[in-house]
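> Here is a sequence together with a model predicted from it:
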Amino acid sequence: MQLSKNFSLAELTTTNSGLPNVPDADSIKNLTELCIKVLQPLRELYGNSIHITSGYRSFEVNKAANHGAVKPSQHMKGQAADLNNGRAENIKMYNLIKDHFPFDQLINESDFTWIHVSYNANQNRKMLLKL
Ligand SMILES: [Zn+2]
């Protein structure tokens with residue numbers, strides 16, 4: 001199932017955890033909005049394919065991603081994606097998102113080891129964070 005021209009549901013539900021990761025209808029709607037409002041326009045401006053390391057996460061997948069800790073996450077609602085094209089490219093993508101697109105949170109993770117972006121149709125705070 002294609003969510004936008006260059007992004008599929010399979011890419012946005014990828015997990016290396018081996019755990020079940022099936023989004024409900026609301027999460028698919030949120031993933032589609034994330035693709036249409038942020039990821040697809042980013043793909044077009046950036047001009048290259050984008051490697052998504054994590055999009056939607058089920059409760060179990062999110063718990064595994066946090067080493068067993070139960071933490072709330074926009075990934076669990078289908079509102080967030082982690083992108084990694086290598087550090088230098090991650091910096092480029094971060095700046096393109098920051099300067100051109102709506103977002104709720106944009107996070108520089110571990111000195112641009114990857115970047116996290118979330119989109120929430122009801123609340124796009126444009127928060128820039130560094131973890
Ligand atoms: Zn993330």
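Structure received.
> who touches Leu45 in this structure?
Neighbouring residues of Leu45 by Cβ atoms under 8 Å, 6 or more residues apart in numbering: 96, 100. The C-beta positions use only the backbone N, C-alpha and C, and glycine is treated the same way.
> Does anything pack onto the strand or helix carrying Leu128? Which helices or strands?
Secondary structure from DSSP states H and E places Leu128 in strand 127-130. Contact partners of strand 127-130 among helices and strands, from 3 or more Cβ pairs under 8 Å, 6 or more residues apart in numbering; DSSP states H and E: strand 105-109.
> gap between the helix or strand that the strand it packs on is followed by and the chain center?
As assigned by DSSP H and E, the chain's next helix or strand after strand 105-109 is strand 114-118. Using Cα atoms, centre = their mean, to the nearest Å, the mean C-alpha position of strand 114-118 is found 6 Å from that of the whole chain.
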